[in-house]
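*Asks:* The following comprises the amino acid sequence and a computationally predicted model.
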Amino acid sequence: MEKPANEAAPPTLRSISLPQWRSGIAAWLGWMFDGLDMHLYTLVAAPFVAELIHAADTTDPRVGRYASIIQGAFLLGWALGGGFFGRLGDRLGRARALSLTVLTYALFTGLGVFATEWWHLMIFRFLAALGIGGEWAVGASLLAETWPRTWRPWIAAVLQSGVNVGILGAVLASRLLAGSPPRYIFLVGVLPALLVFWIRRAVPEPEEWHAAKAKAHHREPRLRELFQGATRRITIWVVLVCAVSLTAHWAFMFWHQVQLRNLPEVLAMSPTERNKLAGTAMYLVIGSSIAGNFFAGWIARLIGYRAAIGVIFFAYFLAMLGSYALPLNHSQLLFCFPVIGFCQGAFGLFTMYLPPLFPTLLRTTGAGFCYNIGRVGAAFGTVFFGLFSKVGDHRLALFYAGFLFLPAALICYFLPRVKD
């Protein structure tokens, strides 16, 4: 494994150069808008799909079925985008690939406003997800190659918090547009396109990437090298832990909104009141996850990445069990959501943990493939757990999904032990 060129950098803010700051800001903004475009759909999925299929209300069983298929297509696109743009990041450079990913998810999220059939929205979400999935690997590798190595757990927390801030922005947009047709929220997703112009002008490619390209003499590693030699074991175990944990995580992120909206006392509310309640729930989940990101970084500094991820996954299982083992009303669930959100800090650790596991010219390919291939499992899992749902009650889907965090925690034992 190559030794990062920035390993000896003094761990002070004054030691950070202007190019490093620009790389950090670009990655953070890319992740923030990533979170914005990622969650616009989950906030309006039930009412918008009901509108597209001409259902009487959101309790129509077709709403949950088609909404989960759309979300499954989104997660599948996320997985494919991670591999595709990850490859571009290794070939063309991190900053160039970052610009392409942002432009992709901004354009196709905005096009969601023109959907008139449920499958139109499915296609737009799939294409938007290609960019969102690619941005994860490219942004993570950009910072792993430019910022001091000893800061990685904290950088991971800050970067993941960018996603959380973007999600809170999506919630704010949902609140501001609560009285408008659901489709209008997708227009907000066009804003990230403005970031591309600044990235292309101000953000340089990492020196480590340039050095690796020069050393390779134009010989590009192939995807199959992820499954050869010592890299094969890393690839297999990382794919497994990501697939299992992300299936459970995205089952919650999608179905908790649908389940909350379909509680009997919530159905008696006006559409505006339901939208505001859904926004409040998302605020609680995402706001607490920001604190969880930094807690996860602190734990990783003490016991290492893989142990920290495993411990937090077990806590995630307990939180899901306590929230969905028994029927709870919306007021009780609002007390459970911050606990679940806090446990989501585990996913922030993957940001800085995964890229350095792979050689430089396979870094965005490896990190993007392994992390985002987990979304293929999550795509099918979102639809599969929907089969446990009853009309107006999706609690069982969430209850059973939570058990996946147990094998995810166990798999962490087989991951490489890395502590910066």
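*Replies:* Right, received. Where do you want to start? Numbers count the residues shown, from 1 in each chain.

*Asks:* Run the chain-centre distance for stretch 184-192.
*Replies:* Its chain's C-alpha centre and that of stretch 184-192 lie 18 Å apart, by C-alpha atoms, centre = their mean, to the nearest Å.

*Asks:* start to end distance for that stretch?
*Replies:* 16 Å (C-alpha to C-alpha, to the nearest Å).

*Asks:* buried ones in that stretch?
*Replies:* For stretch 184-192, the neighbour count (16 or more other C-beta atoms under 10 Å) marks 185, 186, 187, 188, 189, 190, 191, 192 as buried. Heads up, the C-betas are built off the backbone N, CA and C, glycines and all.

*Asks:* Make TSV out of those residues and add secondary structure, distance to residue 66 and pLDDT.
*Replies:* Output for the buried residues of stretch 184-192, formatted as TSV (DSSP: H, G, I helix; E, B strand; the rest coil; distance: C-beta to C-beta, whole Å; pLDDT from 0 to 100):
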residue	secondary structure	distance to residue 66	pLDDT
185	helix	18	92
186	helix	17	93
187	helix	22	92
188	helix	23	92
189	helix	20	88
190	helix	25	89
191	coil	27	85
192	coil	27	85
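
*Asks:* Out of those, the closest to residue 112 would be?
*Replies:* Among these, residue 186 lies closest to residue 112 (C-beta to C-beta), at 3.6 Å.

*Asks:* List the contacts of that closest one.
*Replies:* By C-beta atoms under 8 Å, 6 or more residues apart in numbering, the residues touching residue 186 are 40, 41, 109, 110, 111, 112, 113.

*Asks:* now residue 321
*Replies:* By C-beta under 8 Å, 6+ apart, the neighbours of residue 321 are 399, 402.

*Asks:* In which helix or strand does it reside?
*Replies:* Residue 321 belongs to helix 305-324 when assigned by DSSP states H and E.

*Asks:* what stretches of the stretch 1-150 of the chain score poorly on pLDDT?
*Replies:* Within the stretch 1-150 of the chain, the ranges that satisfy pLDDT under 70 run 1-13.

*Asks:* Walking through it, point out its helices one by one.
*Replies:* In the stretch 1-150 of the chain, the segments counted as helices under DSSP state H, counting those that start in this stretch are 18-52, 61-92, 94-110, 118-144.

*Asks:* CSV please, covering the ones you listed and showing distance to residue 299.
*Replies:* As requested, the helices of the stretch 1-150 of the chain are exported to CSV (distance: least, C-beta to C-beta, whole Å):
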stretch, distance to residue 299
helix 18-52, 21
helix 61-92, 26
helix 94-110, 28
helix 118-144, 19
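
*Asks:* winner for burial among the ones you listed?
*Replies:* helix 118-144 (a mean of 27; mean count of other C-beta atoms under 10 Å).

*Asks:* Quick one: distance of it to the chain centre.
*Replies:* Centre-to-centre, helix 118-144 and its host chain are 9 Å apart (C-alpha atoms, centre = their mean).

*Asks:* which of the residues in whatever helix or strand comes next after that helix are buried?
*Replies:* Downstream of helix 118-144, the next assigned helix or strand under DSSP H and E is helix 152-176. For helix 152-176, the buried set under the neighbour-count rule, 16+ other C-beta under 10 Å, comprises 152-171, 173-175.

*Asks:* Show residues contacting the helix or strand following helix 152-176.
*Replies:* Per DSSP H and E, the first helix or strand lying C-terminal to helix 152-176 is helix 193-202. Residues external to helix 193-202 that are found in contact with it (C-beta under 8 Å, 6+ apart): 22, 26, 29-30, 33, 95-96, 98-99, 102-103, 106-107.
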